[in-house]
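In: build me a model:
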Amino acid sequence: MLYQLTYKMKNNKYDILGIGNAITDILINIDENTLDSLKIQPGSMSLVDVSFIRNILNKNKIVKTSAGGSVANTISTLAKLGIECSFAGIRKNDEYGKLFSSSMQGDGNNLINNEKKEGLPSSICLVMVTPNGERTMCTYLGASGNLKNEDIDQEILDKHKIVYLEGYLFDLPEAKNIFFDIVTKSKKENFKVALSLSDGFCVDRHREEFKELINLNIDILFSNEQEIESLFEKDFTNSLKEAGNKVDTTIVTRGNKGAALFKNSKLITVDAIETEVLDTTGAGDNFAAGYLYAFLNNLSIDTCLKAGVLCATDVIKYYGARTDNNIKNLFKEHNIIG
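Out: Take a look at the predicted model:
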């Protein structure tokens, strides 16, 4: 039942385990009027039935189909950068499940694969991109919705420096239990926990439970401006301070205003890089990858933020949530690494 993607491990210790949805993204272009007629909030992620997605696809041309999933996107980029990672999520052995596997394996990964041959189809996400580059997502969770506590290999969990959790999974009651178990265990097993809030509307749906989880033991919190303000129901500055009282490190992406980090009562910011924006899908996921890469290599906070901005800037110039560019070369050009 577990779809587990594992990269080569040295010294019996992985760098990072990602737990999230194993999703295939289907990207289309759409105008604002059509999006409005669907009664979907622009920039949001909505859970829908698969028939809703099929109906839209019947009327629109597919631009790109590729492996997606918020944490899976981050793990994919980290793997390309040489970080030793694993990914846990659920999928079925069907068309979209095989596409997801093939894409992840294409990054040069060793795949440990327990496939579901029966049950719900693999997860798909319809990504609708408007002319301004904003993405609005409709997700059919399918097989991903069947993630259970017994699907997470406890032995592998214990062998990671960081466990990275996807906020979208909070829409699944069983997954929430997994998150609380992992955070509780992190206090005893000496691994760090990073959490992505994922989506402001997801935060709205589960605000108090997110707060409860953060109060337990979250080491690194990834968010965008809307999500952090939604979580604490305060303006940006006061939301950052509130997070700082609960989390060791809070990182917030701010679009064309760059990114901010709050740690030890200090605010550190980095500017955005001006570029043409084609599609913002995966911007936050790739920012997290750049930041975590630098963090795992013990680089400075400023450098971690710059690495995140570089990864995010690279992916928004193209369609889809993952880039085919050589990120290490990009880091060398900008003196992130030698």
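
In: which helix or strand in the chain has the lowest average pLDDT?
Out: When each helix and strand of the chain is scored by mean pLDDT, DSSP states H and E, strand 110-113 comes last, with a mean of 40.

In: helices or strands up against the longest helix seen in the chain?
Out: Once the chain is assigned using DSSP state H, the helix that runs over the most residues is helix 173-189. Counting contacts by 3 or more CB pairs under 8 Å, 6 or more residues apart in numbering; DSSP states H and E, helix 173-189 is packed against helix 154-157, strand 160-166, strand 192-196, helix 207-217. Placement of C-beta: from N, CA and C, glycine included.

In: next SSE after the least confident helix or strand of the chain?
Out: Next in sequence after strand 110-113, counting helices and strands by DSSP states H and E, comes strand 123-129.

In: show me what that next one pairs with in its sheet, parallel or antiparallel.
Out: Strand 123-129 has these partner strands in its sheet, going by DSSP bridges: strand 23-29 (parallel), strand 135-140 (antiparallel).

In: K306 and Q154: what is the separation?
Out: With the distance defined as CB to CB, to the nearest Å, K306 ends up 36 Å from Q154.

In: more neighbours, these two?
Out: K306 (24 against 13; other CB atoms under 10 Å).

In: hmm, who's touching the one helix or strand that one maps to?
Out: Assigned by DSSP H and E, K306 falls within helix 301-315. The set of residues that contact helix 301-315 without belonging to it, under CB atoms under 8 Å, 6 or more residues apart in numbering, is 77, 251, 253, 258-259, 261, 263, 268-273, 275, 281-284, 286-291, 293-295, 299, 321-323, 325, 327, 330-331, 334, 336.

In: how many residues are close by the residue lying closest to E174 once chain neighbours are set aside?
Out: If the residues on either side of it in the chain are set aside, E174 comes closest to K148, at 5.3 Å by CB to CB, 6 or more residues apart in numbering. Other residues near K148 number 14, with proximity taken as other CB under 10 Å.

In: for K148, give me phi and psi.
Out: When read as degrees, to the nearest 10, the backbone of K148 gives phi -130, psi 160.

In: from what I can see it touches K176, true?
Out: No. In this structure, K148 sits apart from K176 without contact. The criterion is CB atoms under 8 Å, and the distance is 11.8 Å.

In: circling back to that earlier point, out of the contacts of helix 301-315, which are buried?
Out: In terms of neighbour count (16 or more other CB atoms under 10 Å), the buried residues within the contacts of helix 301-315 are 77, 251, 253, 258-259, 261, 270, 281-284, 286-291, 293-295, 299, 321-323, 327, 330-331, 336.

In: so where is the stretch 1-150 of the chain shaky, pLDDT-wise?
Out: Within the stretch 1-150 of the chain, the ranges that satisfy pLDDT under 70 run 1-12, 105-117.

In: among the buried ones among the contacts of helix 301-315, which are in helices?
Out: If you go by DSSP H, the buried ones among the contacts of helix 301-315 have 77, 283-284, 286-291, 293-295, 327, 330-331 in helices.

In: looking at the residues you listed, spot the one nearest I218.
Out: A288 (13.8 Å; CB to CB).

In: and the closest one, what does it touch?
Out: Under the criterion of CB under 8 Å, 6+ apart, the contact partners of A288 comprise T74, Y164, A194, S196, F222, I251, G308.

In: try L17
Out: Contacts of L17 by CB under 8 Å, 6+ apart are C85, S86, F87, A88, I156, L157, H160, I162, V163, Y164.

In: just the buried ones from the residues you listed?
Out: Neighbour counting with 16+ other CB under 10 Å marks C85, S86, F87, A88, I156, L157, H160, I162, V163, Y164 as buried within the contacts of L17.

In: isn't the fourth one right next to I19, touching?
Out: Yes. Counting by CB under 8 Å, A88 does reach I19; the two are 4.9 Å apart.

In: for those two, list the residues in contact with both.
Out: Counting by CB under 8 Å, 6+ apart, the residues touching both A88 and I19 are I152.

In: tally of neighbours for K59?
Out: Using other CB under 10 Å, K59 has 9 other residues around it.
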